[in-house]
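*Asks:* Structure of the sequence below:
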Amino acid sequence: HFVTGAIPASGYPTSSSYSNPQTVQMYFFITFVFLIGFLNNITQIARYLFNTIFKLKKKTIFVTVFNKLNQQYYVMLIALLSTLIILCAILLISFLWERRKCLRMQKRLFRESRKLEHTNHVASAILKNVHAFILLINNDFKVLKTNYYQQTGTRKGPEEKRVGDLLQCCNALSAEGGCGTHVYCGSCPIRQAIRQAFEQRRGFTNLEATLNMVTSENQTVACEAVISGSYFLLNEEENMVLTVHDITHLKQVERELKVAKEKAENADIAKSAFLANMSHEIRTPLNAITGFAEVMGSANTEEEKTQYQEIIKMNADLLMQLVNDILDMSKIEAGTLEFVYSTVDINLLLSDLQRLFQMRINDAGGKVQIIAEPSLSSCLIQTDRNRVAQVISNFVGNAIKFTREGNIRIGYEAKDTELYFYVKDTGTGIPAEKLSNVFGRFVKLNKDQKGAGLGLSISQTIVGKLSGQIGADSIEGEGSTFWFTLPYLSCGKPQ
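*Replies:* Numbers count the residues shown, from 1 in each chain. Purely as a prediction, here's the structure:
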């Protein structure tokens, strides 16, 4: 309409009732030239008649008649000239009036065009920055306009695509004819919703689907989306605007919140179980200490006193270990578990632990032998000595509980990128169905054994803080191997 100089209806002139300014000017110019030519012709005719009549020599009655006619002719000519002048004035006024209307219309058109440009600019900015794909489609599912290519950074092809082809539907891509030709297209929920909306001439909202999107690097990425459609008529043709919102991140956050909620619920249950277990675990050694301290005063022989003292000391050590485990667990929960790095002699550490646990076994009258197996003549690394010793001690302590005879080997191996520590025993082993749960909190494979079931869980956290890995291998009836690794990136290569 801007090209023809007309504005659409809604109170504005149309192309049938108003031409552009150039056409109006040409019309008045032709009219004015025509009138000037007509006036010139009348003047030439009058001059010719006047000359012809006065060339006659004889003054007859005809001369008198012609003189009268000539006078009448001049009167008519003057009247005609007056009429033509008035007509030209009217035409000139009409021309100026129409030109004024043209100028007003041009200004109005200019204002409307600026408004339209502003609206188009705002619409383009919205389509470019909105976090959704906008598709204008017809009832044949062809995409007429979209911001898909701007959002994904891909190029638009020469041919119009259908919805399934544009959104990388697996069925559409695998079919030779594209979207709508696959055998499963009839059961596609997106096609069904769009088709039903066209048939009922209404929109639809919140249709969830999984789509494949092609990025600017030509990588196909699966995303979860919510699709809504709005039906309308455009130039008496059925159209629909589809809005495709990518909710992959929202779904991921929803899943994470669900997992966090489950963890919080499990933590609440674990705290309740922790309080119940701790009340039992703390009362047991305290009752033993209190009871045998009272009995020791009434002992008759030194042998009885010595026996009671050993029982009291054993329960005191158990209570101390339990308190230490509780403190470590509270530090882990609060994220304040401390690590002090220094140069550690691993061979010396294994030797000290071997002597310590062998002494305990001998004092308890056990028949298990503790064997240290260093693989290098010298092994110095940068790590926290107390934490490494704590993990190995937890492994050895569990091995002693389940090994009646045989040996327990503690050692390490230097591999390409890490140090591999292990504790092998010849005990009863662990059933395969229980092996995956041994590092859980409050897990006790044998309810008769002393302990709160926190040692392996604490060990797993310590190894994780040292950037290592932890695990266990076991064959029931043959023994178990508990191991953990320290990467060279965190502790350095052994010296």
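
*Asks:* CA atoms for contacts and neighbours, from now on please.
*Replies:* Noted.

*Asks:* got the residue ranges for the strands in this structure?
*Replies:* With strands called from DSSP state E, the chain shows them at 133-138, 143-146, 204-214, 220-234, 237-246, 342-345, 367-373, 380-383, 405-414, 418-425, 470-475, 479-487.

*Asks:* Figure out which of these is closest to residue 258.
*Replies:* Nearest to residue 258, of all the strands of the chain, is strand 220-234, at 17.4 Å by CA to CA.

*Asks:* got the CA positions of the closest one in PDB?
*Replies:* These are the backbone C-alpha positions of strand 220-234, laid out as PDB (Å, rounded to 0.1, in the frame of the first residue of the first chain):
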ATOM      1  CA  THR A 220      22.000 -32.700  17.700                       C
ATOM      2  CA  VAL A 221      21.000 -32.100  21.300                       C
ATOM      3  CA  ALA A 222      17.900 -33.700  22.900                       C
ATOM      4  CA  CYS A 223      15.800 -31.200  24.900                       C
ATOM      5  CA  GLU A 224      12.500 -31.300  26.700                       C
ATOM      6  CA  ALA A 225      10.000 -28.700  25.600                       C
ATOM      7  CA  VAL A 226       6.500 -27.400  26.300                       C
ATOM      8  CA  ILE A 227       4.500 -26.500  23.100                       C
ATOM      9  CA  SER A 228       1.600 -24.200  22.900                       C
ATOM     10  CA  GLY A 229      -0.500 -23.100  19.800                       C
ATOM     11  CA  SER A 230      -2.700 -20.200  19.000                       C
ATOM     12  CA  TYR A 231      -5.100 -20.400  16.000                       C
ATOM     13  CA  PHE A 232      -6.100 -17.400  13.900                       C
ATOM     14  CA  LEU A 233      -7.100 -16.400  10.400                       C
ATOM     15  CA  LEU A 234      -4.600 -14.400   8.300                       C
END
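
*Asks:* pLDDT on it, on average?
*Replies:* Strand 220-234 carries an average pLDDT of 83.

*Asks:* Distance from the chain centre to the longest helix along the chain, please.
*Replies:* Longest helix in the chain, counting residues (DSSP state H): helix 61-129. Taking CA atoms, centre = their mean, to the nearest Å, the mean C-alpha location of helix 61-129 is offset from the chain mean by 64 Å.

*Asks:* Now do it: which elements does it pack against?
*Replies:* Using 3 or more CA pairs under 8 Å, 6 or more residues apart in numbering; DSSP states H and E as the contact test, the elements touching helix 61-129 are helix 21-53.

*Asks:* looking at the strands of the chain, which has the lowest confidence?
*Replies:* For the strands of the chain, the bottom mean pLDDT is recorded on strand 204-214, which sits at a mean of 77.

*Asks:* tilt between it and strand 220-234?
*Replies:* 140 degrees (axes from the mean of the first three to the mean of the last three CA atoms, to 10 degrees).

*Asks:* Other residues contacting strand 204-214?
*Replies:* 152, 154, 167-170, 190, 193, 197, 219-230 (CA atoms under 8 Å, 6 or more residues apart in numbering).

*Asks:* Would you mind checking those for buried ones?
*Replies:* For the contacts of strand 204-214, burial is judged from neighbour counts taken by 16 or more other CA atoms under 10 Å, and it is met by 167-169, 190, 193, 197, 223-230.

*Asks:* What is the end-to-end distance of stretch 456-474?
*Replies:* The first and last residues of stretch 456-474 sit 15 Å apart, counting by CA to CA, to the nearest Å.

*Asks:* now do stretch 480-495
*Replies:* The first and final residues of stretch 480-495 sit 30 Å from each other (CA to CA).

*Asks:* ok, and what's touching it?
*Replies:* When contacts are taken as CA under 8 Å, 6+ apart, the neighbours of stretch 480-495 outside the stretch itself are 378-383, 395, 399, 414, 417-430, 463, 466-474.

*Asks:* Give me the buried positions along it.
*Replies:* Of all the residues in stretch 480-495, those buried under the rule 16+ other CA under 10 Å are 480-488, 491-494.

*Asks:* repeat for stretch 384-398
*Replies:* By neighbour count, with 16+ other CA under 10 Å as the criterion, the buried positions of stretch 384-398 are 384-385, 387-389, 391-396, 398.

*Asks:* can you redo those as TSV with pLDDT and distance to residue 454?
*Replies:* As requested, the buried residues of stretch 384-398 are exported to TSV (pLDDT from 0 to 100; distance: CA to CA, whole Å):
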residue	pLDDT	distance to residue 454
384	85	20
385	86	20
387	86	15
388	87	16
389	86	16
391	88	12
392	89	14
393	86	13
394	85	10
395	87	12
396	87	14
398	83	11
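
*Asks:* State the distance from the residue sitting nearest the centre point of the chain to residue 147.
*Replies:* Among the residues of the chain, residue 249 comes closest to the average C-alpha position under CA atoms, centre = their mean, at 3.6 Å. Here residue 249 is placed at a distance of 20 Å from residue 147 (CA to CA).

*Asks:* do residue 455 as well
*Replies:* Taking CA to CA, one finds residue 455 at 58 Å from residue 147.

*Asks:* Looking at these two, which is more packed in?
*Replies:* A side-by-side neighbour count of residue 455 and residue 147, using other CA atoms under 10 Å, places residue 455 first with 27 against 19.

*Asks:* How about the contacts made by the more buried one?
*Replies:* Listed by CA under 8 Å, 6+ apart, the contact set of residue 455 reads 325, 394.

*Asks:* Could you list the low-confidence segments of the stretch 201-350 of the chain?
*Replies:* Along the stretch 201-350 of the chain, the model assigns pLDDT under 70 to residues 212-219, 270, 274, 277-278, 280-281, 333-334.

*Asks:* need the helices for it, in chain order.
*Replies:* Residue ranges of the helices in the stretch 201-350 of the chain, as given by DSSP state H, counting those that start in this stretch, are 248-296, 302-334, 346-363.

*Asks:* I'd like those helices as CSV, with distance to residue 116 appended.
*Replies:* What follows is the helices of the stretch 201-350 of the chain, written out as CSV (distance: least, CA to CA, whole Å):
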stretch, distance to residue 116
helix 248-296, 36
helix 302-334, 61
helix 346-363, 79
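
*Asks:* so which of the ones you listed comes closest to residue 202?
*Replies:* Counting by CA to CA, residue 202 lies closest to helix 248-296 out of the helices of the stretch 201-350 of the chain; the figure is 27.3 Å.

*Asks:* Now residue 141: phi and psi?
*Replies:* Summarising the backbone geometry of residue 141 under the convention degrees, to the nearest 10, its torsions are phi 70, psi 10.

*Asks:* My understanding was that it contacts residue 160; is that so?
*Replies:* No. Assessed by CA atoms under 8 Å, residue 141 is found out of contact with residue 160, at 10.2 Å.

*Asks:* In terms of neighbours, single out the busier of the two.
*Replies:* Higher neighbour count among residue 141 and residue 160: residue 141, with 19 against 13, using other CA under 10 Å.
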